[in-house]
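Visitor: Sequence isn't available, so here's the structure alone:
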């Protein structure tokens, strides 16, 4: 079985002028920058704890939480016991947070980390009250549990919600968890009860948190904006798996902020798999759903098409040999059908 090669490809129109408004159909630049900010934040706290030992003493989790020092149930998650400990957890954060952010959004990802970090201490307090603990791994195991919950929920809605290429299969996630359990009992000084508590609470919370599905971009009227740039997740040699990740629109001179709008709409899967949509205004004003302005809106972009650069299309790099062959085959097929 050949390896699937994926990349990001951008296409711009140089002569399009106007105020540029970037609209992400799925986390791209902003999502990655946010994860890097999280890594830098954890690193800064670790360095501060080396310079000011009181930070570690006052933040470590231990049984003094029973005496009223309840802040320790969350502060421990932002502290680490050494550079190797920090590096391992930050690598896991950067890998797991990407998929979690795609599924649950930035707010959901942050909520998952805080809530599961708190619940991770519960089994340690019950079964090993003498333990002292630092590290973000309880919350990261919460991310893991939430991914398993998402994989289970999305099995039932493959046509309504786009399947993320980065999403790990349910079987793979469960296998990795089994390996983690073994490692927890082989490596010394590992808070394995906290890992289990974080995973279990992430699984439970991930079962009810809203999931993001496909995204679309609507505009008030075609003359109000022009597409300046599109970025696509390109699976080399295939067009079926390509999807647009970001659209940069340029507001035209006739754009009236009191009348026109650029709105991003998300499919959501709520608790008990209730399907609904949410809307976010990117430029102009948000009309009410029952008004004529909203009813007459124009679809500018979805995850599989963008209007404005030669019409609906796939953005591809014709210099790539595999894509050249793919294009040639498509052209030949089209010619033979005429």
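Guide: Structure received. Since this is a predicted model, take the numbers as computed values, not measurements.
Visitor: domain parsing for the protein?
Guide: 6-26+212-337, 52-208 (automatic domain parsing).
Visitor: Hmm, residue 121 and residue 196 touching each other?
Guide: No. Shown here, residue 196 and residue 121 do not form a contact pair, counting by CB atoms under 8 Å, at 11.6 Å. Heads up, the C-betas are built off the backbone N, CA and C, glycines and all.
Visitor: all strands of the stretch 101-250 of the chain, in order?
Guide: 211-219, 225-235, 243-251 (DSSP state E, counting those that start in this stretch).
Visitor: if you average pLDDT over each of the ones you listed, which comes out lowest?
Guide: Per-segment mean pLDDT for the strands of the stretch 101-250 of the chain reaches its minimum on strand 225-235, at a mean of 80.
Visitor: Note down every partner strand of that strand and its orientation.
Guide: Strand pairing for strand 225-235, using DSSP bridges, gives strand 6-12 (antiparallel), strand 243-251 (antiparallel).
Visitor: wait, which of those is closest to residue 217?
Guide: strand 243-251 (5.8 Å; CB to CB).
Visitor: contacts for that closest one?
Guide: With contacts defined as CB atoms under 8 Å, 6 or more residues apart in numbering, strand 243-251 is touched by 8, 16-26, 28-29, 162, 217, 219, 224-233, 262, 283, 300-306, 315.
Visitor: Which of those are buried, as a ChimeraX select command?
Guide: Selection of buried members from the contacts of strand 243-251 for ChimeraX, criterion 16 or more other CB atoms under 10 Å:
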select :16,21,23,24,25,26,162,217,219,224,225,226,227,228,229,230,231,232,233,262,283,300,301,302,303,304,306,315
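Visitor: Next, format the strands of the stretch 101-250 of the chain as CSV and append distance to residue 52.
Guide: Converted to CSV, these look like this (distance: least, CB to CB, whole Å):
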stretch, distance to residue 52
strand 211-219, 39
strand 225-235, 43
strand 243-251, 41
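Visitor: pLDDT weak spots in the stretch 201-338 of the chain?
Guide: For the stretch 201-338 of the chain, applying pLDDT under 70 flags the ranges 234-242, 304, 306-331, 333-338.
Visitor: before we move on, back to that, looking at the strands paired with strand 225-235, which one is packed in the most?
Guide: strand 243-251 (a mean of 22; mean count of other CB atoms under 10 Å).
Visitor: Toward the C-terminus, what is the element adjacent to that one?
Guide: Of the helices and strands lying after strand 243-251 in sequence (DSSP states H and E), the nearest is strand 261-269.
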